[in-house]
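Asker: Build the 3D model from these lines:
(6 chains)
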Protein chains: 4
Amino acid sequence: MATPSVVPGPGAPRRGRPRDAKAERAILEAAVAILSEVGFTHLSVEAVAARAGVGKPTIYRRWPSKLELVIDAVERLAPPLQPASTGDPLTDLRQIVPQLMADVTSSPIGRAIVALANDAETHAELARRLGARYLAPRRAVIADILRQAVDAGQVRGDIDPEMTIDLMMGAALYHWLARAQPVDADTGRRIVDTVWDSLQPSR
Amino acid sequence: MATPSVVPGPGAPRRGRPRDAKAERAILEAAVAILSEVGFTHLSVEAVAARAGVGKPTIYRRWPSKLELVIDAVERLAPPLQPASTGDPLTDLRQIVPQLMADVTSSPIGRAIVALANDAETHAELARRLGARYLAPRRAVIADILRQAVDAGQVRGDIDPEMTIDLMMGAALYHWLARAQPVDADTGRRIVDTVWDSLQPSR
Amino acid sequence: MATPSVVPGPGAPRRGRPRDAKAERAILEAAVAILSEVGFTHLSVEAVAARAGVGKPTIYRRWPSKLELVIDAVERLAPPLQPASTGDPLTDLRQIVPQLMADVTSSPIGRAIVALANDAETHAELARRLGARYLAPRRAVIADILRQAVDAGQVRGDIDPEMTIDLMMGAALYHWLARAQPVDADTGRRIVDTVWDSLQPSR
Amino acid sequence: MATPSVVPGPGAPRRGRPRDAKAERAILEAAVAILSEVGFTHLSVEAVAARAGVGKPTIYRRWPSKLELVIDAVERLAPPLQPASTGDPLTDLRQIVPQLMADVTSSPIGRAIVALANDAETHAELARRLGARYLAPRRAVIADILRQAVDAGQVRGDIDPEMTIDLMMGAALYHWLARAQPVDADTGRRIVDTVWDSLQPSR
DNA sequence: TTATAAACGAGACGGTACGTCCTGTCTTTTA
DNA sequence: TAAAAGACAGGACGTACCGTCTCGTTTATAA
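Answerer: Next up is the predicted model:
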C-alpha cells in the first residue's frame, strides 16, 4: 500500500542511498492534512513539502503530479473497509453502501475523485490508477454481496453488478455534485432499496 | 439568458456607461471555444480575454472567477434541449436521457460540473448557480416525462422523480469519472431501462 | 491663477453647460491633499477624482496628465511669496532663499519638480510650464535682490543672476535628493553666504 | 560590484541552489539597455525580464523594486571614472566636473537619481544605497582634488568640500531639471570657475 | 575502506497565470 | 452641451506555484 507511483527500477542493483521511508510517510500525512483543510484545488505541492519538512524534488521523485500524490493520500484518508457481513445481502448493502457514499461525498476524497476529470489529457491514466488503488476494493465488496444475493436467488441471475454499483454510487455522487451536500442516511437507504428493487426477478 | 453573474444593482437608476453587450458575447464565445479546445483546467482567463479582444478587468467586472464564467459559457456550449415527445414515456426517456448523459460526460460540460466540487468554499454557491442555469431545465424535461408516466399508470404513483433522475444521470457521470470514457449508447439505454424497471408497480 | 491647462476655445461662443468652477477647486484641493499624503508617485488621477467627487473625464478635460494637474496644484501648496525687503540685499537673501529651499525640498513640491524629469518625452514641455507658473516668480524675487545688490555696488556688475540662482537652489535640491533630508537652516545660510562671496568684486 | 540589493544572508551556510550569476548579469544588461532606450518611467520590470530571458520572480528575488534594480544598473551605465590628474587642481576640476555633470544630466542616470525622490517612503533608503554605490566614488574624486588645492594653498583651508560639491553638481542638476536641457560645456566651466572663486582665500 | 551512486533539504530557475490597479478614452444619463 | 458616473482596452504590477535544476550533504552499497 501507499507505494509511490514512480517506482525505481526494480531489477536494478539499487545502489546509492535508498529512499527514506520516513519522508514518504511525512509527505502523505502532510498531504492528507492539507487536503482535509483546504481541499484539492488549494492544496499545493509546495505547501505539502513545507509541512512535511521535505524538499519539493523529494515529492516529485515519487509522484509525478499533485493529483497522483493525492490519490495515494486518499487511500490513507479513507476509512478502512469493514466488510461486516450479516449473511443477508440487503441488510449488508444497507449498511455498507451508505458508508461508501459518505466516504465519496465527504469533501476530500470526493474532491480528489472528481479532480481526475478536470484534465482531459491525464483523466484516463489517473482514473485507472485510482480505480486500482481505491475504487476496486470497494466495488469488490459490493460485488461480493450482489453475488451472494444472486446465489441466494434473491435477485435475478442476469444482473450487471458493475452497472448496479454505478447506479448506487453515481446517484450519491451526482446528488452531492449538484447540491453541494452529501446524501443523508435516509436518502442513501432509499437509493439502495430502489436499486435493489430493480434487481428483483418478478415484476 | 447569459446574464453575468455579477449583476449591477438592479434597482439603481443605472448611471454611467452601460456594460457593453458585445463584449459580453465575445467573452462567452471565446470561453466556449477555449473550453472546447483545452478543457477547464487549461482554460485561463487571460486567454479568454485575449481571444475576446477584451481587457481582463472587463471579465472580472462580470464574473468573479474563472469557474463562474465557465458556468455561464456552459449554457451556450450545451446543445439545445429538444423535448421531442413521442407520447410514450419510456420511448421518450430512451431518446432524451442518453442525450443528456452524453452532454454531461463529454468533456467540457462534464468537466465544468465536476470542477465545482474542487473548491469547498464555493461549491454550494456555484452548484446553486449551475443548478438554476443549466441543470434545472434539463431535469424538468425528465421530470415531465416521469409525470406523464405516472399519469398514464405506467409507473407507480409514489416514485421520487428527483432520485430517479439522480440514479440515471449519476450512473452515467460516475461511469465517466471512474473509467474516463462516456457511457455508450447501449449502456445508456440499459441504465434507463433498469431504472424504469425499478419504477414498476407490480413486482 | 490655477487656470486650467486645457483652456476651452476663448473665441468660441461658449455654448452648453459652462464648466463648474467648484469642480475645479475641488479637484485642485484634492490633488494637494493627496500629494501631501502619499507623494507624487502614489498619487493617482482616480484617487483625486474620487476625493473631489468628480468623474475622471472632468479632470482630463482640464489637464492632460497627472503631472500637469500636479503642477497646478503645487502652486496652491506653495506658501505665498513674502518679498519682505529689509533694504539690505544680503539680509534679504538670507531670509528669502532658505524659505524657497525649504519649499522645494519639502516633499510635495520637490517631488513634483523632480517628477518632471522622469519622462523624457514630456520633460521639456512640463518644465516650461512649471517654470512659467511656479519657478519664474520665485526666481524673479531673487533676481530683484541681486539687481539691488549690483546697483548698490555690493557685488560685481557682471554677475550672472540665473547661474547664481541655480547655484543656491541647486545645492539645496541636490543635497535633498542625495541625502533625503532638506538642508537645515544653518546649511541654507552657509550656502547663501558662500555664493554671495563668489559675487564679491575684489578677491 | 553589481551586488544585488537583496543579499542573501552572508553568514548563513548558503544552502540550496546558488543564485545564477549569469542571470544577474543578463538582467542588469537588459535594464541598462531599456533604461537608455525608454527612460526610467517607461521601463517595466516585465520588459527587463523578457529581454533578459528571465522570469519576473528571478528579478524580484534580488531587487525589491524597479528603482533598486535601476540603481544597480546605473552603475553599469555610468562611464568609468577617469581620475586623470594633471597636477593642477583647477584644471582637473574643469576637466572632471563637467563630465560628472553630463553624466548626471544625461537622461538615464539623471532620471534614476531624480526618481529616488518620488516615493517618500523609500527615498532615504534608496538615496543611501545610490550614495554608496554611485555617488560616493564620484564625490571622492572631486574631494581629492579639493584637498590637493587646499594643500597647495590655492584655496582656503576651511572650505567645506561637501557643500562645494553640492554647489557645482546641484547647479547642473537644477539647470537640467528646470530647463530640460543639460548644461553645455561653457556653462559647466563657468559653474566650476564661479565656485572656485568662492573658495579663494583673499577677497 | 574507499569510491560511487543516489537520496536528502534547500532553494533558485524560467514560466504561466493570477487578480488588482491605473491609465486615458468612450458612452450613457442627468441637468 | 457639460457634468457624474462608470465601462472600456490595455498594460504592468507583485505574488503564487508549477515542475526542473543545481547545490552541498548524508547514507548505503559495490569495488
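Asker: going forward, measure contacts and count neighbours with C-alpha atoms only.
Answerer: Fine.
Asker: Spatially central residue in chain A, please.
Answerer: Centroid-nearest residue in chain A: A:Y134, 3.9 Å away (criterion: CA atoms, centre = their mean).
Asker: hang on, that one packs against A:E75?
Answerer: Yes - shown here, A:Y134 and A:E75 form a contact pair, counting by CA atoms under 8 Å, at 6.2 Å.
Asker: Can you point out the buried residues in the host helix or strand of A:R147?
Answerer: Counting by DSSP states H and E, the element that carries A:R147 is helix A:136-151. Within helix A:136-151, the residues that qualify as buried are A:R138, A:R139, A:V141, A:I142, A:A143, A:I145, A:L146, A:R147, A:Q148, A:A149, A:V150, counting by 16 or more other CA atoms under 10 Å in any protein chain shown.
Asker: would JSON lines of the residues you listed with distance to DNA strand E and pLDDT be doable?
Answerer: Below are those laid out as JSON lines (distance: CA to the nearest atom of the strand, whole Å; pLDDT from 0 to 100):
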{"residue": "A:R138", "distance to DNA strand E": "31", "pLDDT": "94"}
{"residue": "A:R139", "distance to DNA strand E": "33", "pLDDT": "95"}
{"residue": "A:V141", "distance to DNA strand E": "35", "pLDDT": "95"}
{"residue": "A:I142", "distance to DNA strand E": "37", "pLDDT": "96"}
{"residue": "A:A143", "distance to DNA strand E": "38", "pLDDT": "96"}
{"residue": "A:I145", "distance to DNA strand E": "41", "pLDDT": "96"}
{"residue": "A:L146", "distance to DNA strand E": "43", "pLDDT": "96"}
{"residue": "A:R147", "distance to DNA strand E": "43", "pLDDT": "96"}
{"residue": "A:Q148", "distance to DNA strand E": "45", "pLDDT": "95"}
{"residue": "A:A149", "distance to DNA strand E": "47", "pLDDT": "96"}
{"residue": "A:V150", "distance to DNA strand E": "48", "pLDDT": "96"}
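Asker: Kindly indicate which of these lies nearest chain D.
Answerer: Nearest to chain D among the buried residues of helix A:136-151, counting by CA to the nearest CA, is A:R138 at 43.8 Å.
Asker: my guess is the closest one meets A:L81, correct?
Answerer: Yes - counting by CA under 8 Å, A:R138 does reach A:L81; the two are 7.4 Å apart.
Asker: what are the C-alpha coordinates of the least confident helix or strand in chain A by mean pLDDT, in PDB please?
Answerer: Every helix and strand of chain A was ranked by mean pLDDT, DSSP states H and E. The lowest is helix A:107-115, at a mean of 82. Coordinates of each C-alpha in helix A:107-115 appear next as PDB, following Å, rounded to 0.1, in the frame of the first residue of the first chain:
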ATOM      1  CA  SER A 107     -15.100  16.500   0.800                       C
ATOM      2  CA  PRO A 108     -11.500  15.400   0.400                       C
ATOM      3  CA  ILE A 109     -12.000  12.000  -1.200                       C
ATOM      4  CA  GLY A 110     -14.800  13.100  -3.400                       C
ATOM      5  CA  ARG A 111     -12.900  16.200  -4.500                       C
ATOM      6  CA  ALA A 112      -9.900  14.100  -5.400                       C
ATOM      7  CA  ILE A 113     -12.000  11.700  -7.500                       C
ATOM      8  CA  VAL A 114     -13.700  14.500  -9.200                       C
ATOM      9  CA  ALA A 115     -10.500  16.300  -9.800                       C
END
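Asker: Next SSE downstream of it?
Answerer: Next element after helix A:107-115 (DSSP H and E): helix A:120-130.
Asker: Could you check how far that following helix is from the centre of its chain?
Answerer: Averaged C-alpha coordinates place helix A:120-130 at 13 Å from its chain's average position (CA atoms, centre = their mean, to the nearest Å).
Asker: Is there proximity between it and DNA strand F?
Answerer: No - with CA under 7 Å from any atom of the strand as the criterion, DNA strand F is not reached by helix A:120-130; the gap is at least 11.1 Å.
Asker: list the buried ones in that helix?
Answerer: In helix A:120-130, counting by 16+ other CA under 10 Å, buried: A:A120, A:H123, A:A124, A:L126, A:A127, A:R129, A:L130.
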